[in-house]
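> need a structure here:
(2 chains, ligands or ions: 1)
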Amino acid sequence: MTPFTRFSGIAAPFNEDSVDTDVIFPARYLLLLDLAGLGARAFHDRRYTPEGDERGDFVLNRDPWRTATILVAGANFGCGSSREQAVWCLADFGIRCVIAGSFGDIFAANCINNGVLPVALAPEPLARVSAAAAAGEALTIDLEARTIEGPGFATLTLPIADKAREALLAGRDTLGMILETHGEAFARFEAGHRAARPWLTRTTGD
Amino acid sequence: MPQTTNGTLYEKLWSTHVVSPLGPDDALLYVDRHLVQEVSSPQAFETLQNRGLPVRRPDLTLAVADHAIPTDSRGGAIADPLAAAQVARLEANTARFGVPYLPLTSARQGIVHVVGPELGFTLPGATLVCGDSHTSTHGAFGALAFGIGASECMLVLATQCLPQRRARTMRVRFVGPPAPGVTAKDLALALIAQIGTSGAAGHAIEYQGEAVRSLSMEGRMTLCNMAIETGARVGLVAPDETTFAYLEGREYAPAGDEWHRALAHWHTLRSDPDARFDREVTVDVAPIRPMITWGTTPEQSVTIEGRVPDPRAETDPEKRERIAHALDYMGLVPGTSLSDIAIDRVFIGSCTNGRIEDLREAARVVAGRRVADGVAAMVVPGSSAVRLAAEAEGLDTVFRKAGFEWRHAGCSMCVAMNNDRLAPGKRCASTSNRNFEGRQGRGGRTHLMSPATAAAAAISGRLAPDSRGCDGVPAQVLP
Ligand code: SF4
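Below you'll find the predicted structure:
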């Protein structure tokens, strides 16, 4: 994964609460096995008419937001299903950071695992960021310095858990980390677990 | 190992599964059980293959196809090439990596969250994950169970561990006895209406109270299934005699001496009387009636006697806008009584309400009646075992005689990834868990409710029977 440090980009305002994963990525496209090109499916049923034409009123179909790399949404963004396609399609579209009032828990975890930065802001600062986004202004996200900058508002502190920040900054490979660092702990744990709760460490079925 | 046990069930489950602490609130957790399905696993297996890694504990893993499979017939080829490819991919991956797989024609096939408990794969005190958000269902057994993304599936396949952040805890107490006709689904919808779809975000819920204790395992699973619709990744019910009676003798459950050892441990799986929760919520059960959603999130519901809300009555402009938007999508006029809203389809099934007790509940309402003209109704059992059990009781005959289609097990129109799809603008009374835009098919309109309420809707042809009842179905759903 590429390390996430500092970048500037156009932010698309999507001022809705509880945007669920079915809206972000309709279930029927979960059958696609190729991850490349999923960006075309992002918000598909909002973005296109049933005939497949672009809807002119959808923010990602308008300039300058067609090239957005930041998405600014309301509360509870990404609630619903665990489908990682909801993050993959945004990343494939070019989104590197989602700013919202709050996130679905699984969606936020999926973001981190794909190098996309989820930022949860309180209503006040969110409104300011959203206004800048609506004006078509670029925002600057600095994960190292923990700041969000943009025209029309004083620099905001970027709230993020240390673990998530470290992982994004390092572009870390979590699998490598577990295998390298915790191999011994794993064996130790499993031995103790087997002694205390043997029925959990195997299935008795065939 | 730092343990800040505050005596909650969640904390006990967490602390017995920490492989390595990763920080004050983060740990590498051991995973006892991993359920795998066709839709969320291809990318995970692919990564393993690319990195030349095996599945670390195939014996603790169980795979089944449920989301994309057709339910109109079983055994033949899958017509949709994309669905066929995805199922074939799961079969190939499980064969290559030695993961047990329940084939489509097996009597043990079904929706992951129905099959796991049925087989006794789900156990109290276990950690259980699946690349599916409704994994919270298994918390009904006192298992720490939660949905994960595909990257996390890959980590679990490769290491049997998962880095996790400890959730905050929330106790939800259902106080008082339920009114007749009020089911676990109604309790779940009432809670969501009370706290909202992000009301429990970041939390693990533990459900308590007499109304929960008196639920069957099926009812508890319905309740925990919908924990995710409050934003909680985890919903728990402490195991008790009901749990143990359900599990005893199941195929994957411990047996003999080990059963007794397990039982002794399971008796400790409860929150201490003085346990401290980060949040407390009380739900007053007595006023709860059968619930029906009118909007596009599970929190937008009213009781069966209710009406579609009027956005103009809402003072908060944002909420007003949200109500108006939902009504527009749902094609509803403010103030309309639910009993005046005609439906096109009825779907009884899903991991929320596709179990034998759910089908019995629906069959009791349906027995001796007919599905209303112009309504296409179907029952999709949650698993092949449920289908067989229902057939042994003659429920299939009850449904067929009334005009329902009787299907094979799968997710079906809960998620519309197969050919069971709601057409644009069509309205469906559904026992599933999500009424999001397009959830049952692009432009489809979903109303969530219990199996008994959905059965009554099928008979009356409306979301709710009117006050005089309809074809003998009283307004307050039978029985
Ligand atoms: S029945 Fe619906 S909610 Fe349950 S696992 Fe299948 S698609 Fe998901």
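
> so B:Pro254 makes contact with B:Ala264?
No - B:Pro254 lies out of contact with B:Ala264 (C-beta atoms under 8 Å); the separation is 11.4 Å. (C-beta placed from N, C-alpha, C; glycine too.)

> The two: who's more crowded?
Comparing B:Pro254 with B:Ala264 by other C-beta atoms under 10 Å in any protein chain shown, the one with more neighbours is B:Pro254, at 23 against 9.

> For the residue nearest to the more buried one when sequence neighbours are not counted, list the residues it contacts.
Leaving out its chain neighbours, the residue that sits closest to B:Pro254 by C-beta to C-beta, 6 or more residues apart in numbering or on different chains is A:Trp199, at 3.8 Å. Applying C-beta atoms under 8 Å, 6 or more residues apart in numbering or on different chains, we find A:Trp199 in contact with B:123, B:254, B:258, B:261-262.

> at 10 Å what do you get?
Counting by C-beta atoms under 10 Å, 6 or more residues apart in numbering or on different chains, A:Trp199 touches B:32, B:123, B:125-126, B:252-255, B:258-259, B:261-262, B:265-266.

> What of B:Ala188?
B:207, B:219, B:222-227, B:229-230, B:235, B:291, B:298, B:352, B:433, B:448, B:450.

> Could you look up the SS state of it?
When classified by DSSP: H, G, I helix; E, B strand; the rest coil, B:Ala188 comes out as helix.

> Flag every buried residue along the host helix or strand of A:Ala11.
Taking DSSP states H and E as the definition, A:Ala11 sits inside strand A:6-14. Neighbour counts over strand A:6-14 (16 or more other C-beta atoms under 10 Å in any protein chain shown) mark A:7, A:9-14 as buried.

> Relative to B:Ser337, which of these is nearest.
Closest approach to B:Ser337 among these (C-beta to C-beta): A:Phe14, at 34.4 Å.

> That closest one bridge partners, please.
A:Ala73 (DSSP bridges).

> ok, it - contacts?
So A:Phe14 contacts A:23-24, A:43, A:46, A:58-60, A:65, A:68, A:71-74, A:77, A:98, A:100, A:130, A:133 (C-beta under 10 Å, 6+ apart).

> Among these, which are located in helices?
A:23-24, A:46, A:130, A:133 (DSSP state H).

> Of those, which are in range of chain B?
A:23, A:46 (C-beta under 10 Å from any C-beta of the partner chain).

> a markdown table for the ones in helices among the contacts of A:Phe14, including pLDDT and neighbour count?
Below are these laid out as a markdown table (pLDDT from 0 to 100; neighbours: other C-beta atoms under 10 Å in any protein chain shown):
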| residue | pLDDT | neighbour count |
| --- | --- | --- |
| A:Val23 | 96 | 25 |
| A:Ile24 | 98 | 27 |
| A:Arg46 | 96 | 20 |
| A:Ser130 | 97 | 22 |
| A:Ala133 | 97 | 26 |
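
> quick check, stretch B:224-238 touching chain A?
Yes - using C-beta under 10 Å from any C-beta, stretch B:224-238 reaches chain A at B:228-234.

> Can you give the distance of that stretch from its chain's centre?
With C-alpha atoms, centre = their mean, to the nearest Å as the basis, stretch B:224-238 stands 9 Å off its chain's centre.

> Can you give me the end-to-end span of that stretch?
End-to-end distance for stretch B:224-238: 12 Å, by C-alpha to C-alpha, to the nearest Å.

> B:Glu305 belongs to a strand?
No - B:Glu305: not assigned to a strand; according to three-state DSSP it is coil.

> how deep is residue 83 tucked in, by neighbour count?
Here I'm looking at chain A. A:Arg83, neighbours per other C-beta under 10 Å, totals 28.

> nope, chain B
Neighbours around B:Ala83, by other C-beta under 10 Å: 21.

> B:Ala416 is in contact with that one, correct?
No - if you go by C-beta atoms under 10 Å, B:Ala83 and B:Ala416 don't touch, sitting 11.8 Å apart.

> before we move on, the earlier item: in JSON lines, list the residues of stretch B:224-238 next to chain A along with pLDDT.
Output for the residues of stretch B:224-238 next to chain A, formatted as JSON lines (pLDDT from 0 to 100):
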{"residue": "B:Ile228", "pLDDT": "97"}
{"residue": "B:Glu229", "pLDDT": "97"}
{"residue": "B:Thr230", "pLDDT": "97"}
{"residue": "B:Gly231", "pLDDT": "96"}
{"residue": "B:Ala232", "pLDDT": "97"}
{"residue": "B:Arg233", "pLDDT": "96"}
{"residue": "B:Val234", "pLDDT": "98"}
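
> residue ranges with poor pLDDT in the chain?
Using chain A. Scanning chain A for pLDDT under 70 picks out the ranges A:204-206.

> ah, I was thinking of chain B
B:1-5, B:467-479.

> Scan it for its longest helix.
helix B:81-97.

> The very next helix or strand once past that one vs chain A: in contact?
Toward the C-terminal end, the helix or strand that comes next after helix B:81-97 (DSSP H and E) is strand B:101-102. No - using C-beta under 10 Å from any C-beta, strand B:101-102 stays clear of chain A, with a minimum separation of 10.6 Å.

> Name the residues that touch strand B:101-102?
Counting by C-beta under 10 Å, 6+ apart, B:36, B:61-66, B:90-91, B:93-95, B:108-110, B:112, B:115, B:119, B:383-384 sit against strand B:101-102.

> Now do the contacts for the residue of the stretch 1-150 of chain B found nearest the ligand.
Relative to the ligand, the nearest point of the stretch 1-150 of chain B is B:His134 (4.5 Å; C-beta to the nearest ligand atom). Shown in contact with B:His134 (C-beta under 10 Å, 6+ apart): A:81-82, B:111-113, B:145, B:147, B:221, B:224-229, B:350-352, B:411, B:414, B:432-434.

> near the ligand, from the residues you listed?
B:111, B:113, B:350-351, B:411, B:414, B:432-433 (C-beta under 6 Å from any ligand atom).
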